[in-house]
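> Kindly return the folded structure for what I paste below:
(one chain, ligands or ions: 2)
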Amino acid sequence: MIRVAVVGAAGRMGSTVCQAVEEADGLELVARLDAGDTISAETLGGADVAVDFTVPTVTEANVRALIDAGVDVVVGTTGWDEESYARVREHLARPEAAGRSVLIAPNFALSAVLAMRFAALAAPYFESVEIIELHHPNKVDAPSGTAVATAQAIAAARAAASPDATESDPLGARGGLVDGVRVHAVRLRGLTAHEEVLLGNPGEQLTLRTDSFDRSSFMPGVVLAVREIGSREGLTIGLGPLINL
Ligand SMILES: NC(=O)C1=CN([C@@H]2O[C@H](COP(=O)(O)OP(=O)(O)OC[C@H]3O[C@@H](n4cnc5c(N)ncnc54)[C@H](OP(=O)(O)O)[C@@H]3O)[C@@H](O)[C@H]2O)C=CC1
Ligand SMILES: O=C(O)C1=N[C@H](C(=O)O)C[C@H](O)C1
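Numbers count the residues shown, from 1 in each chain. Ligands and ions are numbered 1, 2, ... in the order given. Predicted coordinates:
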C-alpha cells in the first residue's frame, strides 16, 4: 500500500486527486493539507508520497519542506522554470535527502502530453507556429505551464523563428514570446483546460488540439506518477519519461 498526502487538498485539483487516490487500488489517502497547514512528518500522517496542487508562489517551498519531511513528491502546480528546477535538484542532492525523488509535470492528461510531443515532432516541418491556450477564468497564471512547456519543446526542435511582419502592436495583441514562440492566453467561463498548436506552411495548416473537459482527465497520470515515483531517482520533469515518450 502506498500512503499518500495531498497538499492543496481543498482546491479544484487537490480535491479531485483526493477522490482519485481513495478510489485507486493500492493507494491510501492519509493526509489532506491546505493553506495554513504546516508541512511536517507529523502532519503528513506517515505518507510515502505527497502530491502538490497548490499555487505557483508556494509550490517550490512546499517541495523543499516535503523532501525535508521524508516523502517523495509529485507536483502538478505550475510556475516552474530552469532556476527552480535547479534548486530542487540541489536540495535532492544533499545527503539528508538520499533516496528522495520528485516528479514535476505541467500537465498529467495523456492528450496534452501527446500534443506536446506531436508539436515538437511537427515543428521543424512548418514555417510558422503559434500556441493558443484556453482556460477557466479562475486560473491565476498565464501563460499556462503546458503552453510554456509546449513552446520550449517547439523551440528546442526548430531553429527558425516564425515570420512576422508586425511593426506596431501597442496592446501586445500578438501575444507573449516563450523561447521565440508566440503564446496567446484565453480565459473564458465554461472552459476547463485546452490548447491549440497552429502550424502553417504556404497553402496548408496543421492544427493540434488537446481538450481537458473535466479534471478526471488528469487523474490517470497523477495516479501513475504516485505509483512510479518511489522507483525513480532525483528530479523527473514531465509525465513523458513514465510512458516511454
Ligand atoms: N499538472 C497538471 O496536470 C495540472 C496542473 N494544474 C495546476 O495546479 C495548480 C492548482 O490548480 P487548481 O487546483 O485549479 O487551483 P485552486 O486554487 O483550486 O487550488 C489551490 C489550492 O492550494 C491551496 N493553497 C494555497 N497556498 C497553499 C499552501 N501554502 N499550502 C497548501 N495549500 C495551499 C489553496 O488554498 P486557498 O484557496 O485558501 O489559497 C487552494 O485550496 C495550478 O498551478 C494549476 O495550473 C491544474 C490542472 C492540471
Ligand atoms: O490551471 C489549470 O486549470 C491548468 N493548469 C495547468 C497549466 O497551467 O498548464 C495544466 C492544465 O492546463 C490545467
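
> Every contact and neighbour count from this point should use C-alpha atoms.
Noted.

> Mind pulling the model confidence for the residue sitting nearest the centre point of the chain?
Centroid-nearest residue in the chain: P106, 1.0 Å away (criterion: CA atoms, centre = their mean). For P106, the pLDDT comes out at 98.

> give me every residue that touches it.
Contacts for P106 (CA atoms under 8 Å, 6 or more residues apart in numbering) come out as 76-78, 145-146, 149, 238.

> just those that are near ligand 2?
The subset of the contacts of P106 within reach of ligand 2, by CA under 6 Å from any ligand atom, is 78, 145-146.

> By neighbour count, which of these wins?
Within the ones next to ligand 2 among the contacts of P106, neighbour counts (other CA atoms under 10 Å) peak at T78, which reaches 25 neighbours.

> how close does that residue sit to T166?
Note on T78: its distance to T166, by CA to CA, to the nearest Å, is 31 Å.

> returning to what we had before: contacts with ligand 1 among the ones next to ligand 2 among the contacts of P106, please.
Okay, of the ones next to ligand 2 among the contacts of P106 touching ligand 1 (CA under 6 Å from any ligand atom), that's T78.

> Just the ones in helices from the contacts of P106, please.
Using DSSP state H to define helices, the subset of the contacts of P106 located there is 145-146, 149.

> now, among the residues you listed, which is nearest to A86?
The closest of the ones in helices among the contacts of P106 to A86 turns out to be A149 (CA to CA; 16.3 Å).

> what does this protein put close to ligand 1?
Listed as neighbours of ligand 1 in the chain under the rule CA under 6 Å from any ligand atom: 7-8, 10-14, 33-35, 53-56, 58, 76-78, 105-109, 218.

> surely A185 meets H136?
No - using CA atoms under 8 Å, A185 is not in contact with H136; the gap is 10.7 Å.

> between these two, who's got more neighbours?
Per other CA under 10 Å, whichever of A185 and H136 has more neighbours is A185, with 18 against 15.

> Surely the more buried one is in a strand?
Yes - per DSSP: H, G, I helix; E, B strand; the rest coil, A185 lies within a strand segment.

> Identify the residues contacting I131.
By CA under 8 Å, 6+ apart, the residues touching I131 are 147, 151, 181-184, 195-198.

> Now do the same for it: its pLDDT.
So I131 comes in at 98 (pLDDT).

> in the sheet, who's paired with it?
When bridges are called by DSSP bridges, I131 pairs up with V183, V197.
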